[in-house]
Each structure stands twice: as structure tokens, then as C-alpha cells.
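# I would like to see how this sequence folds:
(one chain, ligands or ions: 1)
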Amino acid sequence: MKNVIAIDLPQPSTKIIEAIKKFVALQTISIDSKNKLEEFHHHTINPVSFNFFVPDFLTLLVRKEYQHFFPHHQLKGMIGVFKNHTTSPACMPTHIDRTRAIGLNYFIDSGGNDVRTFFYDREDISATGISTNVLYSEVTPIENFIAKPNTWYCYNVRRCHSVENIETTRTFIALKIIRPGLGLDSDYEYNIIDFQKDYPHLCIGS
Ligand SMILES: [Fe+2]
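Residues are numbered from 1 along each chain as shown. Now for the predicted structure:
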């Protein structure tokens with residue numbers, strides 16, 4: 001199974017991009033997130049600080065532009081920000097996302113010229129809603145990937161992954177896709193295989 005697939009969706013409009021940039025410029029990305037990661041990894045790495053936002057204005061905008069591509073789901077818009085506070089390359093260290101099983105991401109700012117997502121030989125399908133940090137020493141990389149500009153991707157974020165070599169701030173928009181009948185705020189169970197079955201025409205390779 002592929003861990004990342006390019007998705008055939010149009011780029012977000014200038015309206016969405018500008019609204020996100022304006023919103024992010026007003027946010028404080030708490031250093032606490034960086035401190036916690038440093039502690040977990042025994043101060044052996046230089047993590048980013050990070051935050052995720054799900055503002056109502058973005059959900060309204062993404063539903064206008066993207067809802068019709070996803071007849072089986074209801075969309076929400078999320079913003080991810082990974083910020084390097086230092087002059088050395090930083091990382092989002094090895095972890096498994098549990099708030100979502102797939103990441104449908106479009107990078108507004110890649111955060112550097114050679115930012116790579118690594119996937120590792122551990123996958124966890126249990127759904128708890130809480131992300132799990134993993135030590136680098138516990139896993140082995142199996143695949144790595146540089147996202148092309150102006151492209152949507154679907155990532156298998158149930159597989160352990162990290163983002164390496166972030167020089168500045170990495171900002172992305174993510175589509176949260178939720179099966180409406182479940183009455184959930186997030187759909188923890190829905191995975192990349194389900195996505196390929198529901199939307200094969202959107203999956204254009206990696
Ligand atoms: Fe992740």
C-alpha cells in the first residue's frame with residue numbers, strides 16, 4: 001500500500017490562501033509543543049513548535065470549493081503550522097496521528113527547499129483521538145517524500161512518520177473528511193484504503 005498519493009483537486013483559491021495567511025499571522029504558536037517534544041526525545045533533536053486550527057471561516061470556504069468532490073463526506077477545513085524557532089533545521093519528529101487516519105494536505109508554505117516526510121516501519125490502526133509520539137530509535141525509515149508545490153496529497157498518517165529539515169515555517173491546509181451519518185467531529189477510523197475505494201478518480205499516483 002502506498003503511504004502518499006497525489007490527489008486530483010484544484011488548488012485553493014487566492015481567497016482561501018490569503019484568509020489563511022492573515023489568520024496565521026495573528027496566531028501565537030506556543031513554544032510548549034516544542035518543549036514537550038524535546039523532553040520526549042531526551043533533548044536529542046530540534047523540534048518545531050506546532051498548532052492546528054479548525055476555524056469556522058475556513059470550513060465555510062472549503063465547503064464552497066471542495067464539498068462537491070466528496071459526496072460521501074462532510075468537509076471541515078484545518079490549518080497546520082510547524083514553526084522552526086532556531087537557525088538550524090528543525091523536525092516534526094516520529095509520531096502516529098490519531099485525530100485522523102488520512103491527511104489531505106496542500107502546502108501553502110513548504111517551510112524550506114528540501115523538507116521531507118519520512119514513513120517508518122510501524123503502523124497503528126487503533127483509534128483513540130490522541131496522537132502517539134514514537135522514539136526514532138524504535139523505528140526504521142522505509143520511504144521518504146518531498147511534496148511538490150501546488151499539489152494536494154493524501155497521506156497515510158496511521159503509519160509512523162516524521163517531517164525533517166524544516167528551515168522556516170511550514171503551513172498547510174488540510175481537508176477533514178467526515179462521514180455524516182456518524183455524528184462525529186472527526187472521523188478517526190476512515191483510512192487511505194477507504195479513500196481510494198470511495199474516490200478512485202481523485203487518486204492520481206504519487
Ligand atoms: Fe502527522
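# who's in contact with the closest residue to residue 31 other than its chain neighbours?
Spatial nearest neighbour of residue 31, chain neighbours left out: residue 49 (5.3 Å); criterion: C-beta to C-beta, 6 or more residues apart in numbering. Where you see a C-beta, it was placed from the backbone N, CA and C, and this is true even at glycine. By C-beta atoms under 8 Å, 6 or more residues apart in numbering, the contact list for residue 49 reads 29, 30, 31, 32, 33, 34, 82, 83, 85.
# can you pick out the most distant pair from these?
Greatest spatial distance among the contacts of residue 49 (C-beta to C-beta): 32 and 82, at 14.4 Å.
# ok, the two, which is more surrounded?
Between residue 32 and residue 82, residue 82 has the larger neighbour count (other C-beta atoms under 10 Å), namely 25 against 10.
# return the helix or strand in the protein with minimum mean pLDDT.
strand 132-133 (a mean of 90; mean pLDDT, DSSP states H and E).
# and the contacts of it?
Contacts of strand 132-133 with the rest of the structure, by C-beta under 8 Å, 6+ apart, involve 37, 40, 93, 94, 95, 96, 98, 124.
# sorry, back to before: specify the beta-bridge partners of the residue nearest to residue 31.
residue 83 (DSSP bridges).
# parallel or antiparallel, which strands does the following helix or strand past the least confident helix or strand of the chain pair with?
Using DSSP states H and E, the helix or strand that follows strand 132-133 in sequence is strand 141-145. Strand 141-145 sits in its sheet next to strand 116-123 (antiparallel), going by DSSP bridges.
# buried ones in the partner strand?
Judged by neighbour count (16 or more other C-beta atoms under 10 Å), strand 116-123 contains these buried residues: 116, 117, 118, 119, 120, 122.
# pLDDT and distance to residue 21 for those - can I get that in TSV?
TSV is the format used below for the buried residues of strand 116-123 (pLDDT from 0 to 100; distance: C-beta to C-beta, whole Å):
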residue	pLDDT	distance to residue 21
116	97	24
117	97	22
118	97	28
119	96	29
120	97	32
122	93	35
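# out of those residues, which are close to the ion?
Among the buried residues of strand 116-123, no residue lies close to the ion (C-beta under 5 Å from the ion).
# now, which of those residues sits nearest the ion?
The closest of the buried residues of strand 116-123 to the ion turns out to be residue 117 (C-beta to the ion; 8.6 Å).
# cross-check the contact I'm expecting between the closest one and residue 162.
Yes: the criterion here is C-beta atoms under 8 Å, and residue 117 meets it with residue 162 at 7.4 Å.
# which of the helices or strands spans the residue nearest the centre of the chain?
Centroid-nearest residue in the chain, with C-alpha atoms, centre = their mean: residue 103, separated by 4.9 Å. Following DSSP H and E, one finds residue 103 within strand 102-109.
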